[in-house]
Structure formats: C-alpha cells, structure tokens
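> based on what follows, work out the 3D shape:
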Amino acid sequence: MFQFAINKEAGPAKVNISPMIDMVFILLIFFIVAAVFVEESGFEVRRPEHEKIITPDELPPLGIRIDVQNQIFMEESLSSLNSIRSKVAQRLIVSPELNVIVRAAPLADAGLMVSVLDQVRLGGVDLISLSLDTDE
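Okay, here's the model as predicted:
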C-alpha cells in the first residue's frame, strides 16, 4: 500500500521555535499596550451619613388590620368598613402626607381587604402599603 522512505543519513528532525517565540512577544506587547488604555467607567456612590431624623410633626403611619374573623381594627380599636373613609379623611387633614399600612391575616377575606383599600383611597390616600399579618 504505502511505502515510506526513511532517510537515515538526515539525522534527527529539528523544530525551529524562534518564530513562535517572536509571536508570543508580539502578543505580550499587544496586551500590555491594550491594558493601559482600558478605563473602567463607574460612578461615585454617596451614602447618607445619618439616618433620617423624624420630627415631632410627623405622625406614625395609620395602621389598619384585618384579622381571621374578618374584623377590621384601625389603630388597634374595632372599626367598621363604613367608618374607615371618614377616619382616614380626618387623619389626612392633620397629616397631609399620611402613610397607611393595611395588614391582613392570611385567611382573611380578600374581598374585604379590597373594600378596605377602596375606602382608604376614597378617603384621600393614594399610596397604601400592604402587609401579611403573621402575628395570629
């Protein structure tokens, strides 16, 4: 099939690695030069030095809680669905930037929670926080 001619007089084969060494040095110089011009862009983060100080004029958020028996508690006193709107409106007069937190028990009626949210919005508060009441 195939015949190979072996030349015993030629001696061992030699590999010339000088072009490979030249190429490695060229690549090394390229990466060194390229690394000098790379600038990472970023921005300075300014952290607040102190926490926000609450002034005495600011009132704590209005808390509304719905328990497992679907009873509504406003500031830990039992309240009806119909009285929420007026109480929120009264509190909004005292504190125009009123925060409202509605906490509902996991097994509370979702429809009642939506009705409470509607009454709070009708009372004049646009931003309402919702929370899951796990105390029960």
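> okay, now the unreliable bits of this structure?
Scanning the chain for pLDDT under 70 picks out 1-11, 36-40, 50-59, 136.
> and if we set it to 50?
Residue ranges of the chain with pLDDT under 50: none are present.
> mind jotting down where the strands sit in it?
Secondary structure of the chain, counting by DSSP state E: strands at 62-66, 72-74, 77-79, 100-104, 128-132.
> could I get those as JSON lines with mean neighbour count and distance to residue 94?
C-beta coordinates here come from the backbone N, C-alpha and C atoms, glycine included. As requested, those are exported to JSON lines (neighbours: other CB atoms under 10 Å; distance: least, CB to CB, whole Å):
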{"stretch": "strand 62-66", "mean neighbour count": "21", "distance to residue 94": "10"}
{"stretch": "strand 72-74", "mean neighbour count": "19", "distance to residue 94": "15"}
{"stretch": "strand 77-79", "mean neighbour count": "11", "distance to residue 94": "17"}
{"stretch": "strand 100-104", "mean neighbour count": "20", "distance to residue 94": "14"}
{"stretch": "strand 128-132", "mean neighbour count": "12", "distance to residue 94": "18"}
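> can you list these in TSV and add distance to residue 27?
Formatted as TSV, these follow (distance: least, CB to CB, whole Å):
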stretch	distance to residue 27
strand 62-66	67
strand 72-74	73
strand 77-79	77
strand 100-104	62
strand 128-132	59
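> quick check: phi and psi on the residue nearest to residue 107 when sequence neighbours are not counted?
The shortest distance from residue 107 to any non-neighbouring residue, by CB to CB, 6 or more residues apart in numbering, is to residue 68 (5.1 Å). Backbone geometry at residue 68, expressed as degrees, to the nearest 10, gives phi -70, psi -30.
> give me the neighbour count for residue 68.
13 (other CB atoms under 10 Å).
> any idea how far residue 108 is from it?
Applying CB to CB, to the nearest Å, one obtains 6 Å for the distance of residue 68 from residue 108.
> ditto for residue 70
6 Å.
> now swap in residue 93 and tell me
Taking CB to CB, one finds residue 93 at 29 Å from residue 108.
> ok, residue 20 next?
For residue 20 relative to residue 108 (CB to CB), the value is 76 Å.
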